[in-house]
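Novice: Coordinates only, no sequence provided:
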């Protein structure tokens, strides 16, 4: 069975702090994709990143970085120098076959 | 390019009434998904279509729920009769090729359904 676990329900930080959102996944597929989506208070779901199971290179995009470790089945997301606009719910997702399974989400509060 | 368009944004209805949610996917996308989001259950996949054909409806909670895709640019999700426990945000998403191996999901803004 496929499963995505985001153990952190809520995280609260002060602006400019770094924060890491954890994601652990389970799958028996050898080929799969991992995603992160952001859901700001306005409610829409915004795609942030996709990583396939054969590419364990870490990725950096501005203040965002992602650490994919197949050995620990983890795909963690770090925001450097957080800003108030980063306040949102962040979802980790696993794609296998035609379905995308979402974790429960981590709500991030960034206080000014 | 316009994104996925859902209507209405908000729907308030009384128990027992029929509710129809609408979705226009991104042009060229051949997969369409309906998700439901609640606090208790998170984001659940209800049904998805490929080239207008329903492929997997195993997530549809009950026979009260039905979905159609009469053409490549339009899909509906209908609940009849509606119940208070159907209250949720319903998202439509589209993608191209095989979503999990190529395109990420592109979501609409969702329809917030409240059944009283």
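Specialist: Everything's here; your move. Given the structure is predicted, the values throughout are model-derived calculations rather than measurements.
Novice: Any regions of the chain where pLDDT drops low?
Specialist: Just so you know, I chose chain A. Counting by pLDDT under 70, the ranges of chain A that qualify are A:96-97.
Novice: my bad, the chain I had in mind was chain B
Specialist: Looking at chain B by pLDDT under 70, you get B:1, B:97-102.
Novice: what bridges to the residue most central in space within it?
Specialist: Note on chain B: the residue nearest the mean C-alpha position is residue B:34, at 2.9 Å, using C-alpha atoms, centre = their mean. Beta-bridge pairing for residue B:34 (DSSP bridges): residue B:47, residue B:92.
Novice: ok, the residue lying closest to residue A:109 once chain neighbours are set aside - how many residues close by?
Specialist: The shortest distance from residue A:109 to any non-neighbouring residue, by C-beta to C-beta, 6 or more residues apart in numbering or on different chains, is to residue A:12 (4.3 Å). Yep, even glycine has a C-beta here, placed from its N, CA and C like the rest. Counted with other C-beta atoms under 10 Å in any protein chain shown, the burial measure for residue A:12 works out to 12 neighbours.
Novice: list the helices and strands the strand or helix carrying residue A:12 packs on?
Specialist: Taking DSSP states H and E as the criterion, the element that holds residue A:12 is strand A:10-14. Contact partners of strand A:10-14 among helices and strands, from 3 or more C-beta pairs under 8 Å, 6 or more residues apart in numbering or on different chains; DSSP states H and E: strand A:19-21, strand A:106-111.
Novice: Bridging across strands, which residues link to the closest residue to chain B within chain A?
Specialist: With C-beta to the nearest C-beta as the measure, the residue in chain A that lies nearest chain B is residue A:95; the distance is 2.8 Å. For residue A:95, the beta-bridge assignment (DSSP bridges) gives partners residue A:33, residue A:100.
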